[in-house]
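In: What would the 3D arrangement of this be:
(chains A, B and C)
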Amino acid sequence: MSEFLIGYGLPAATIVAQVLLIVVPLLVAVAFLTYAERKVIAAIQLRKGPNVVGPFGLLQPFADGLKLLIKETVIPSGANRVVFLAAPILTFLLSLVAWAVIPFDYGLVLADINVGILYLFAISSLGVYGIIMAGWSSNSKYAFLGALRSAAQMVSYEVSIGFVIITVLLCVGSLNLTDIVMAQKNVWFFIPLFPMFVIFFVSALAETNRSPFDLPEGESELVAGYFVEYSSMSFALFFLGEYSAMILMSAMTSILFLGGWLPPFDIAPFNWIPGPIWFAFKIALCLFVFLWVRATLPRYRYDQLMRLGWKVFLPFSLLWVVVTAGVLMATGWIPRA
Amino acid sequence: MIQAIIFYLFAGVMVASAAMVISARNPVHSVLFLILAFFNAAGLFVLMGAEFLAMILVVVYVGAVAVLFLFVVMMLDINFAELRQGFLRYLPIGAMVGLVLLAELVLIAGAWAFSPDVSSTVTVPIPDPGTVTNTHALGRILYTDYIYAFQAAGLVLLVAMVGAIVLALRERAGVRRQNIAAQIARSRAESVQVVKVQPRQGV
Amino acid sequence: MLNLLPAVPEIVLACLAMALLMLGVFRGDAAARTVSWLALLGLGIVAILVLSVSGTRTLVLNDMFVTDAFAAFMKILVLLGSAAGIAMSLDYNQREGIARPEYAVLVLFATIGMMMMVSANDLIALYVGLELQSLSLYVVAAFRRDSLRSTEAGLKYFVLGALSSGMLLYGASLIYGFAGTTKFAVLANIMVENAEAIPLGVIFGIVFLAAGLAFKVSAAPFHMWTPDVYEGAPTPVTAFFSIAPKMAAIALFIRVLVEPFGPLVAEWRQIVIFIAILSMLLGAFAAIWQTNIKRLMAYSSIGHIGYALIGLAAGDETGIRGILIYMAIYLFMNAATFGVILCMRQQGRMVERITDLSGLARTQPMLAAALAIAMFSMAGIPPLAGFFGKLYVFLAAVSAGLYTLAVIGVLTSVVAAFYYLRIVKLMYFDEPVEAFDRPIDRPLAVVLVGSTLFTLLFFAYPGPLVTSAAAAAAALFAG
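Out: Numbering: from 1, shown residues only, chains lettered A, B, ... in the order given. The predicted structure follows:
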């Protein structure tokens, strides 16, 4: 029995502890991201933002969470109950499981798998299911329209994200996230691959249904899109899932283009700061741009969105893959494994 | 032991969800179960050490193909009672064909044999997983030994795309499209006019 | 370094098809005619390339692709068929309002698929070639997308075609499961080594493979799609279907059975004999009651495939030579017949009933003569080309000792002669109804005259075709 405990129990306990170590800070980060969003947008719009609950309104997210928790979960009578309840859970789960492969520092990763970037890509491509299921099962036309928009949008932008990932892979020669970061030791990829960086970030906005691509929610036309029928905790799960997807996308941007946990220069004051701090800082920077964009840009029209995805990003990223491969082959810089 | 448990978990869920795909009353549920089956298949691939295939299965089938399935199925207006009407009528024939195929399969499986020198003729030997990741291994044979099939498959996909567009795209007359180039090419001179308006005169 | 030289014709054709696709995309439907003419030009160039790269047997691209005299012979037939298909469609498509550049492009893609089938030397190469061809053909069948019958034809073809591809893949996987390889060359060695201990699974595999291929050549009992698709598809497409894909599919059928499974000739001969007899009977008897000329041609083509398969049943060099000659002649006869069918236009409307041909000899004697030549040739009346085709095949059957098969072949030819001659009788001895529109479109006339002259004058100078067919057949048995 004790052998069993040491053989299986201990590793299991360690893993659970590690998971908690990632998930708990993540959820706190999500809470403060909502707070930051309101504060940043308020600042841009010359308002104050939340400032009543706690010092500087810092406890506002917890108040909101508590409010959602104690409300009643309303299930519409025409809804498909199982799918209706499964959708937010799925969204939330997916946004958490992706973090398993994110490296916070050299060797500081829960699962250092060979195909890490593909795993992230796969998980983010699953995100659309939560939305589709929610839209369909709500049995409401607004929700359904939002879900359809979202499905088309996410599938479209995934294609260009895929090509961006391929260009990075060409430069790294590995799908392992740690290898990808280490390959940026000399120069972060956003410099040589700048157009891809822009495409990736814009596609990330579309992939997370963020402004200016927030058509699936489009409060002025679809009242809230796919989660119009959700309330209380089921709504909160969507909310959490969406914001942690934002953080995840920012983390992906940092890993693929901004050198992950690496300091900008490997010299004295910079490399005193530990890697995870750098990583968090870069994520925060990306998130700030997310919020900045939301406060600044008007929403795209649907045909413009599709045009941008299929007629601009797709051909351009395809071309860039060819160019990158050609340059790497011609100069012999191609990494050989 | 853990491996075995996980295998049976994945395999069991996969078989169960595959059964649900064909027995679920609601086609949307069928597709969702299909996705679950795909997902468990990916899990089995990971268990075998074929992580690249697992991820590609999820990205391509679950992330793209099944989404489009779901998309279409959700928008169909199917009358299930009508769909099931002919069931009993076609059952005898269907069952007969199924039984014949089953009998054949049993016959084949019962008398199965490998060619005695199969190990020497096998098309591509599996490289040592310790030294080569399976992404590299797949890439190496796909772009060398199988480049012909790979390119031909590309042509097949191109034809499929051209065919879909040929058969389905209709140019509607009278649709006003956005001309981005014209919009950007507009200069201030031709679009803005500064007019000095006198009080009580109007423009 | 990759040796791509033997595959140059296919590569050139693929690049050309994609370039024409771009032209079509940017220039729109107005470019349809230009694209078709350029496609014809391209097919000509590729034919020259095929002749110049063929020669000795060469395996390239990891032994998946083979070129030899057999492949060159069949590829030339395929290219001729595709060129005829495009030429016949030029004015028809324009008149029917379906002139779009994608037509020629899809035909070119189908042609690439057919050439890949002819050169396939691996089960995977076989399948991708077949799919490329089939997929293009499904689309072309439904090309007149506003017509219910055309879309129905496309859909029916697609569903049944997918089923047959499934059977073929099932068979291929059974074979792979036994041998652990998909390469024809290695498969042949394995079959020789284990000739007396072939498990049931492999036999099943061959049966499924043959069933899938029989479907593609529309041999009975896998012919169900043929009449409906022939009737529903636009007429030039039907003409194209009845010539080019048949060549490729029969070439593939021959190569698969003779090369990797040659040692098992005793096992697959029964299947081929069964299919051949059934096709001949069906082609002869089911056609009698048809009133639509396109449906009639569908059954006629089923019957012809039956005759051609007699040569495969013989399974030796003479038999294969017989098939090759038969298929070449069949191509010209069918092109001539469809050339006339495409002229069946009354006041700008296509007509398809057999009775619409009544009295054609009086209204348009030349057209009637051309159709009469084609019909006599199909019935196998000497000295027209069709007679020689049947002669070579039956001779092969007799020399292989398949007397029953030869006798059934002759008997069904007699039955089939009934409905071919009925058309001749209609044209020459019945009262004319309404005259067909004139003039005949120029490209169509070229195809019509060329193929009729070939059918008529083949007996005078059969040498080149017979010798090159013999060389092609010999190449298949040399390897």
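In: List the buried residues for stretch C:339-353?
Out: C:339-345, C:350-352 (16 or more other C-beta atoms under 10 Å in any protein chain shown). C-beta: built from backbone N, CA, C; applies to glycine.
In: ok, and the closest non-adjacent residue to residue B:63?
Out: residue A:125 (3.0 Å; C-beta to C-beta, 6 or more residues apart in numbering or on different chains).
In: name the helices or strands packed onto the helix or strand hosting that neighbour?
Out: Assigned by DSSP states H and E, residue A:125 falls within helix A:116-137. Using 3 or more C-beta pairs under 8 Å, 6 or more residues apart in numbering or on different chains; DSSP states H and E, the elements in contact with helix A:116-137 are helix A:81-97, helix A:141-172, helix A:177-182, helix A:232-257, helix B:27-48, helix B:51-56, helix B:66-75.
In: closest to chain C out of the ones you listed?
Out: For chain C, the closest of the helices and strands packed on helix A:116-137 is helix B:66-75, at 16.2 Å, according to C-beta to the nearest C-beta.
In: So what touches the closest one?
Out: A:128-129, A:132, A:136, A:144, A:148, A:151-152, A:155, B:27-28, B:30-32, B:34-35, B:38 (C-beta atoms under 8 Å, 6 or more residues apart in numbering or on different chains).
In: List the buried residues of it.
Out: B:66-67, B:69-71, B:73-74.
In: Then stretch A:270-277?
Out: Buried residues in stretch A:270-277 (16+ other C-beta under 10 Å): residue A:275.
In: Could you work out the end-to-end span of it for me?
Out: Counting by C-alpha to C-alpha, to the nearest Å, you get 11 Å between the two ends of stretch A:270-277.
In: what mean pLDDT does it have?
Out: Across stretch A:270-277, pLDDT averages out at 85.
In: now stretch C:376-395
Out: Rounded mean pLDDT across stretch C:376-395 is 90.
In: which secondary structure elements does the longest helix along chain B contact?
Out: Assignment by DSSP state H gives helix B:87-110 as the longest helix of chain B. Other helices and strands packing on helix B:87-110, by 3+ C-beta pairs under 8 Å, 6+ apart, are helix C:200-216.
In: Local confidence estimate at the residue of chain A found nearest chain B?
Out: Chain B sits closest to residue A:125 of chain A, with a gap of 3.0 Å, by C-beta to the nearest C-beta. We have a pLDDT of 84 for residue A:125.
In: what separates the residue nearest to residue A:333 when sequence neighbours are not counted from chain C, distance-wise?
Out: Of all residues not flanking residue A:333 in the chain, residue A:327 sits nearest, at 7.6 Å (C-beta to C-beta, 6+ apart). Computed as C-beta to the nearest C-beta, to the nearest Å, the residue A:327 to chain C distance reads 22 Å.
In: go on, residue A:229?
Out: Distance from residue A:229 to chain C, by C-beta to the nearest C-beta: 38 Å.
In: what does residue A:69 give?
Out: Distance from residue A:69 to chain C, by C-beta to the nearest C-beta: 52 Å.
In: What's the separation between that residue and residue A:240?
Out: 12 Å (C-beta to C-beta, to the nearest Å).
In: between these two, which one's more packed in?
Out: Between residue A:69 and residue A:240, counting by other C-beta atoms under 10 Å in any protein chain shown, residue A:240 is the more crowded of the two (23 against 10).
In: For residue A:167, give me its contacts.
Out: Counting by C-beta under 8 Å, 6+ apart, residue A:167 touches A:193, A:196, A:317, A:320-321, A:324.
In: Where does the nearest residue to it once chain neighbours are set aside sit, in terms of helix or strand?
Out: Excluding the flanking residues, the one nearest residue A:167 by C-beta to C-beta, 6+ apart is residue A:324, at 4.8 Å. Per DSSP H and E, residue A:324 falls inside helix A:314-331.
In: Next, the angle helix A:141-172 makes with that helix.
Out: 10 degrees (axes from the mean of the first three to the mean of the last three C-alpha atoms, to 10 degrees).
In: Give the other helices and strands that helix A:314-331 contacts.
Out: For helix A:314-331, the packing partners by 3+ C-beta pairs under 8 Å, 6+ apart come out as helix A:141-172, helix A:194-207.
In: could you dump the ones you listed to JSON lines with mean pLDDT?
Out: Formatted as JSON lines, the helices and strands packed on helix A:314-331 follow (pLDDT from 0 to 100):
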{"stretch": "helix A:141-172", "mean pLDDT": "87"}
{"stretch": "helix A:194-207", "mean pLDDT": "92"}
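In: circling back to that earlier point, okay, buried residues for the longest helix of chain B please.
Out: residue B:108.
In: what comes into contact with it?
Out: The contact list for helix B:87-110 (C-beta under 8 Å, 6+ apart) reads C:174, C:200-201, C:204.
In: before we move on, the earlier item: quick one: which of the contacts of residue A:167 is the most crowded by neighbours?
Out: Counting neighbours by other C-beta under 10 Å, the top entry in the contacts of residue A:167 is residue A:196, with 26 neighbours.
In: does chain B sit close to stretch C:200-214?
Out: Yes: using C-beta under 8 Å from any C-beta of the partner chain, we find that stretch C:200-214 touches chain B at C:200-201, C:204.
In: ok, now which ones touch residue A:240?
Out: Taking C-beta under 8 Å, 6+ apart, one finds A:27, A:30, A:92, A:95 in contact with residue A:240.
In: can you tell me how far residue C:345 sits from residue C:298?
Out: Per C-beta to C-beta, residue C:345 is found 21 Å from residue C:298.
In: looking at it, residue B:20 is touching residue B:33, isn't it?
Out: Yes: judged on C-beta atoms under 8 Å, residue B:20 makes contact with residue B:33 at a distance of 4.1 Å.
In: which of these two has more neighbours?
Out: In this view residue B:20 and residue B:33 are compared by other C-beta under 10 Å, and residue B:33 has more residues nearby, 19 against 16.
In: Residue C:276 is in contact with residue C:220, correct?
Out: No: when contacts are counted by C-beta under 8 Å, residue C:220 is not listed as touching residue C:276 (9.1 Å).
In: can you list residues touching both of the two?
Out: Common neighbours of residue C:220 and residue C:276 (C-beta under 8 Å, 6+ apart) are residue C:306.
In: Alright, calling it a day.
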